[in-house]
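Q: need the 3D shape of this:
(chains A, B, C and D, ligands or ions: 4)
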Protein chains: 2
Amino acid sequence: MHLSNTEENYLKAIYKIAERKNKSASTNTIAKYIGTAPASVTDMLKRLAGKQMINYERYKGVTLTTIGGREATQLIRRHRLWEVFLASRLRFSWEAVHDIAEELEHIKSEELVNRLDAYLDYPKFDPHGDPIPNAQGKFTLRNQMSLSAALPGNKVVLLGVREHETSFLEYLNELNIGLGTEFTIKAFNNFDKSMNILVDHNKETLLSEKVCQILLVKKI
Amino acid sequence: MHLSNTEENYLKAIYKIAERKNKSASTNTIAKYIGTAPASVTDMLKRLAGKQMINYERYKGVTLTTIGGREATQLIRRHRLWEVFLASRLRFSWEAVHDIAEELEHIKSEELVNRLDAYLDYPKFDPHGDPIPNAQGKFTLRNQMSLSAALPGNKVVLLGVREHETSFLEYLNELNIGLGTEFTIKAFNNFDKSMNILVDHNKETLLSEKVCQILLVKKI
DNA sequence: AGTTATTTTTAGATTGGGCTAAATTTATTG
DNA sequence: CAATAAATTTAGCCCAATCTAAAAATAACT
Ligand SMILES: [Mn+2]
Ligand SMILES: [Mn+2]
Ligand SMILES: [Mn+2]
Ligand SMILES: [Mn+2]
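A: Numbering: from 1, shown residues only, chains lettered A, B, ... in the order given. Ligands and ions are numbered 1, 2, ... in the order given. Here you go, the predicted model:
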């Protein structure tokens, strides 16, 4: 079944919305996510339903069908593999890779993505720590938790970030925090739920509650 | 100035047609090259003229303007750099790279193409031996001639091919002829202008006039 | 030069993807 | 539970890129 770039983007949006809300995706949510008018979404939903990609019933939300889900997963696979390529091979910074990968992900060639995967040594996670589905669409799971759930005294390593905003990633760059960075939690401040952490043995850093919730870590 | 993929393809077509015919490009020629109806071409020519990309006058052919030429050259640069990436890094065969590069060439990022160029060590020629313009749009020239112009006794090396058809390239693969292959011309057959060449010291091969004209070589 | 053939353009239609404004359905709330 | 609010769909429009059929301009030939 041939899908246009736009159709693929809708499937990915539905996938990500349903993943996070753990339910069906509503017209308005999709509109907000894609950045179009709700009326345009309704049009597209009808077309995607016609292609058996989604289950659509007027005024109810939509869910992906099996093949729709597979398409979405493969798109995410391509996106994240290209992000790895851009970061690891072309030395792009982690805040720069997403926008370019948004275009690269639509290149249509099964052979290309599989060769790229092999060339990159079958990476399991992208430059933001998000899991890369394999050719069969299977994601790698791993133990990780929000930094908010860690306790003073814990030593942790950064595995991922829930927020991909350029400005946020640049903020982390300034703090010398990136994937793989290890740090110790020195204090938890109950009044505002912020944390004091020690990164480089020299400078102590304050992270707000919001930032702590975004950072995904593992105890070491 | 923003150009759609389609508009870029038209500019490239005009560039290549004018390059080979060494003149302006006609509506019908463009239509044949792109694979659309002449009426569609006329529409597009008007739009490209509106964007100052081509010089268009009803019923005369078209030529690229300075900025139109620059866009075409940059597109060719991206195309050929991606072909190098696909062949040299992902180990695609030279007959497989073109179709994928047709899509990759439209990825919009100056930074991306320049980093890719650096990553590939600033290649000067693509997997078919075609020159790759540098960031300033300058092509590398080199001494090469059609194999038809070589003489019996000459030892030559293959530098490029004028024809990129999959079936033709696969034919060369079967003959064990690729870029960099060296061979000696054993005989020129006047009646049909075919040539006998010796590739591997063991087997002698017959090349038709058509093939000889396509192969670009240098005496060694 | 006049007639025919070819090339190119115009006219009018279609499809994908978008928009706004109005209508309709579902949800919330006094 | 009726009335208002919010979400969703329908109606009608637009633009890019294509098409076919017909008209107009240019080229080729007796
Ligand atoms: Mn991304
Ligand atoms: Mn990512
Ligand atoms: Mn090519
Ligand atoms: Mn090439």
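Q: just checking, A:V211 is part of a strand?
A: No. According to DSSP: H, G, I helix; E, B strand; the rest coil, A:V211 belongs to no strand; its state is helix.
Q: report the separation between it and DNA strand D.
A: A:V211 sits 28 Å away from DNA strand D, taking C-beta to the nearest atom of the strand, to the nearest Å as the criterion. Using the backbone N, CA and C atoms, a C-beta is placed for each residue, glycine as well.
Q: and that residue, what does it touch?
A: A:L147 (C-beta atoms under 8 Å, 6 or more residues apart in numbering or on different chains).
Q: let me know the pLDDT of it.
A: What the model reports as pLDDT for A:V211 is 97.
Q: cool, and A:A72?
A: What the model reports as pLDDT for A:A72 is 97.
Q: repeat for the one 4 residues further on
A: According to the predicted model, the pLDDT of A:I76 comes to 98.
Q: from the centroid of chain A, which residue is nearest?
A: The residue at the geometric middle of chain A, judged as the C-alpha nearest the mean C-alpha position with C-alpha atoms, centre = their mean, is A:D130 (5.3 Å).
Q: verify the contact between that one and A:R162 for me.
A: No. Contact status for A:D130 versus A:R162: not in contact, 9.4 Å apart, counting by C-beta atoms under 8 Å.
Q: ok, back up a step: any figure for the gap between the residue nearest to the centre of chain A and A:H98?
A: Computed as C-beta to C-beta, to the nearest Å, the A:D130 to A:H98 distance reads 11 Å.
Q: what does A:W82 give?
A: Applying C-beta to C-beta to A:W82 and A:H98 gives a distance of 10 Å.
Q: more crowded one of the two?
A: Using other C-beta atoms under 10 Å in any protein chain shown as the criterion, A:W82 and A:H98 rank with A:W82 on top: 24 against 21.
Q: could you check which helix or strand contains the more buried one?
A: helix A:66-84 (DSSP states H and E).
Q: check which residues of that helix are buried.
A: A:68-84 (16 or more other C-beta atoms under 10 Å in any protein chain shown).
Q: same question, stretch A:34-49
A: A:I34, A:S40, A:V41, A:M44, A:L45, A:L48, A:A49.
Q: show me these that map onto helices.
A: Those of those mapping onto helices are A:I34, A:S40, A:V41, A:M44, A:L45, A:L48, A:A49, per DSSP state H.
Q: what about the closest residue in space to the first one that isn't next to it in sequence, how many residues nearby?
A: Spelled out, it's A:I34. Distances taken as C-beta to C-beta, 6 or more residues apart in numbering or on different chains place A:A13 nearest to A:I34, at 5.4 Å, with adjacent residues excluded. When neighbours are counted by other C-beta under 10 Å, A:A13 registers 21.
Q: which strand or helix spans A:A13?
A: helix A:5-21.
Q: is DNA strand C within reach of that helix?
A: Yes. Interface with DNA strand C: helix A:5-21 contributes A:N5, A:T6, A:E7 (C-beta under 7 Å from any atom of the strand).
Q: just the closest of these to B:K186, please.
A: Nearest to B:K186 among those is A:N5, at 52.7 Å by C-beta to C-beta.
Q: who's in contact with that closest one?
A: Contacts of A:N5 were listed using C-beta under 8 Å, 6+ apart, and they are A:H106.
Q: where does pLDDT dip in chain A?
A: Judged by pLDDT under 70, chain A has its weakly predicted residues at A:22.
Q: pull up the residues of it that are close to chain B.
A: A:86, A:89-92, A:96, A:99-100, A:103-104, A:107-109, A:111-112, A:115-116, A:119 (C-beta under 8 Å from any C-beta of the partner chain).
Q: show me which residues of stretch A:53-62 are buried.
A: Of the residues in stretch A:53-62, those buried by neighbour count under the rule 16+ other C-beta under 10 Å are A:M53, A:I54, A:Y56, A:G61, A:V62.
Q: roughly how far does the residue nearest to A:E102 when sequence neighbours are not counted sit from A:R47?
A: In space, and not counting its chain neighbours, A:E102 is closest to A:H79: 7.2 Å by C-beta to C-beta, 6+ apart. Distance from A:H79 to A:R47, counting by C-beta to C-beta: 22 Å.
Q: what comes into contact with stretch A:133-149?
A: Under the criterion C-beta under 8 Å, 6+ apart, residues A:70, A:73-74, A:76-77, A:114, A:117, A:122, A:124-125, A:131-132, A:156, A:159-160, A:162, A:185, A:193, A:195, A:207, A:209, A:211-218 lie in contact with stretch A:133-149.
Q: which of those residues are buried?
A: With neighbours counted using 16+ other C-beta under 10 Å, the contacts of stretch A:133-149 contain these buried positions: A:70, A:73-74, A:76-77, A:117, A:125, A:131-132, A:156, A:159-160, A:185, A:195, A:207, A:211-217.
Q: quick one, the one helix or strand A:I30 maps to and helix A:5-21 angle?
A: With the criterion set as DSSP H and E, the secondary-structure element containing A:I30 is helix A:27-34. Orientation note: helix A:27-34 sits at an angle of 110 degrees relative to helix A:5-21 (axes from the mean of the first three to the mean of the last three C-alpha atoms, to 10 degrees).
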